[in-house]
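Engineer: Sequence first, then the predicted structure, then my questions.
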Amino acid sequence: MNDVRDAMRLIYLTQAGSQLKGKKGRMIMRSNVDEYRKLMQRYHGEEGFRHLVGQMIEAADMQLLNANSERLQISSASADAMWATTASDYKLRLGKADIPTSRLLIIHLAIAMVFFPEAEDLEAEPEDLGVLTVSDTLRELEKFAKAAEALEVDDELLNQQELNALTDFAELPPLRPDSSEKNADSWVGLINRVIDHMVDSHYLIPPRKVEEGSEPEYWMTRAYQHSFKEGAKYLFDRFRILKQELDSQDEIDEILSSNNEEA
């Protein structure tokens with residue numbers, strides 16, 4: 001039994017199954033399902049082999065996000081590493097190469113805000129947190145946009161690209177009458193594409209069945225929580241501050257309104 005070869009095969013097939021560009025990687029994974037299953041059994045059953053896999057992942061500038069009974073989830077350890085996904089790669093995977101990167105950014109931050117309404121939720125067990133819907137995501141984007149409008153001109157909390165994206169949100173219809181919910185020219189369509197990709201990447205768990213007239217609800221995975229906590233907390237914290245400023249202003253407006261009524 002060749003430990004190094006088996007460890008490398010496990011990492012290789014894991015990366016092939018999560019390939020962003022093209023279908024070749026997924027075809028390779030499907031053709032080697034039995035081998036991958038045996039390697040995963042070895043990973044969970046042998047501490048020495050598991051340690052070797054971890055060392056090889058670290059040596060390749062990658063990080064292990066999660067390891068369940070079926071698969072590993074691996075990502076780049078940093079934005080500068082060879083394996084890091086570029087914005088262009090991601091847009092191609094979504095099938096919309098001309099999407100402004102800032103739109104994708106605020107959608108991902110809105111999704112995260114749904115799952116992690118409080119900072120301490122980043123440390124909570126995934127099963128103890130709520131679910132995600134497209135409507136939830138739209139509501140968070142609306143809050144972002146409203147808060148951005150209230151910022152002073154010289155406020156540097158958000159950069160210009162983020163402000164532009166939130167301005168675009170107000171101008172682009174939630175759902176065009178002539179489009180499907182997968183049309184990326186609408187915010188609903190773009191959100192759906194992002195969610196679909198997160199499901200494919202094993203960051204979200206889709207519903208097994210959706211009742212007629214109901215909206216699909218998605219659960220997050222531990223890998224998503226870990227990945228987001230490690231890679232995007234700074235961005236997330238800025239948008240949390242943005243929402244807090246809006247909430248504070250709403251409270252002030254409510255107090256002033258109440259005082260005026262009493263007067």
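Structural biologist: It's in. Residues are numbered from 1 along each chain as shown.

Engineer: what number of residues lie near residue 189?
Structural biologist: Neighbours of residue 189 under the rule other C-beta atoms under 10 Å: 20. The C-beta positions use only the backbone N, C-alpha and C, and glycine is treated the same way.

Engineer: what about it, distance to residue 99?
Structural biologist: 11 Å (C-beta to C-beta, to the nearest Å).

Engineer: With residue 131 instead?
Structural biologist: As for residue 131, its distance to residue 99 is 25 Å (criterion: C-beta to C-beta).

Engineer: Same question for residue 13.
Structural biologist: Distance of residue 13 to residue 99, computed by C-beta to C-beta: 30 Å.

Engineer: who's more crowded, those two?
Structural biologist: More crowded of residue 13 and residue 99, by other C-beta under 10 Å: residue 13, with 22 against 19.

Engineer: For that one, which non-adjacent residue is closest in space?
Structural biologist: Nearest non-adjacent residue to residue 13, counting by C-beta to C-beta, 6 or more residues apart in numbering: residue 36, 4.9 Å away.

Engineer: so where's this protein uncertain?
Structural biologist: For the chain, residues meeting the criterion pLDDT under 70 lie at 1, 19-23, 78-98, 150-159, 172-185, 230-263.

Engineer: If we use 80, what do you get?
Structural biologist: Of all residues in the chain, those with pLDDT under 80 make up the ranges 1, 17-26, 75-102, 119, 144-186, 210-213, 226-263.

Engineer: Show me how it divides into domains.
Structural biologist: Annotated domains of the chain cover 3-76, 87-251 [automatic domain parsing].

Engineer: okay, how far is it across the first one, tip to tip?
Structural biologist: Yep, that's domain 3-76 we're talking about. Distance across domain 3-76, first residue to last, is 23 Å (C-alpha to C-alpha, to the nearest Å).

Engineer: mind checking the SS state of residue 211?
Structural biologist: Three-state secondary structure (criterion: DSSP: H, G, I helix; E, B strand; the rest coil) places residue 211 in coil.

Engineer: Now do the strands in the chain.
Structural biologist: Along the chain, counting by DSSP state E, strands occupy 62-67, 72-76, 204-205, 219-220.

Engineer: and of those, who's closest to residue 116?
Structural biologist: Closest of the strands of the chain to residue 116 is strand 219-220, at 9.1 Å (criterion: C-beta to C-beta).

Engineer: which residues are in contact with the closest one?
Structural biologist: For strand 219-220, the external contacting residues (C-beta atoms under 8 Å, 6 or more residues apart in numbering) are 115, 126, 127, 129, 131, 132, 203, 204, 205.

Engineer: possible to save those residues as TSV with distance to residue 168?
Structural biologist: Output for those, formatted as TSV (distance: C-beta to C-beta, whole Å):
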residue	distance to residue 168
115	24
126	31
127	35
129	29
131	27
132	22
203	25
204	25
205	30
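
Engineer: Return the subset of those residues lying in helices.
Structural biologist: residue 115 (DSSP state H).

Engineer: which among the contacts of strand 219-220 end up buried?
Structural biologist: The neighbour count (16 or more other C-beta atoms under 10 Å) marks 115, 126, 129, 131, 132, 203, 204, 205 as buried among the contacts of strand 219-220.

Engineer: can you tell me which residues contact the first one?
Structural biologist: Residues near residue 115 by C-beta under 8 Å, 6+ apart: 121, 129, 130, 132, 220, 224, 225.

Engineer: Give the burial count for the fifth one, as a bare number.
Structural biologist: Counted with other C-beta under 10 Å, the neighbours of residue 220 add up to 23.

Engineer: What of residue 63?
Structural biologist: For residue 63, the count of nearby residues is 20 (other C-beta under 10 Å).
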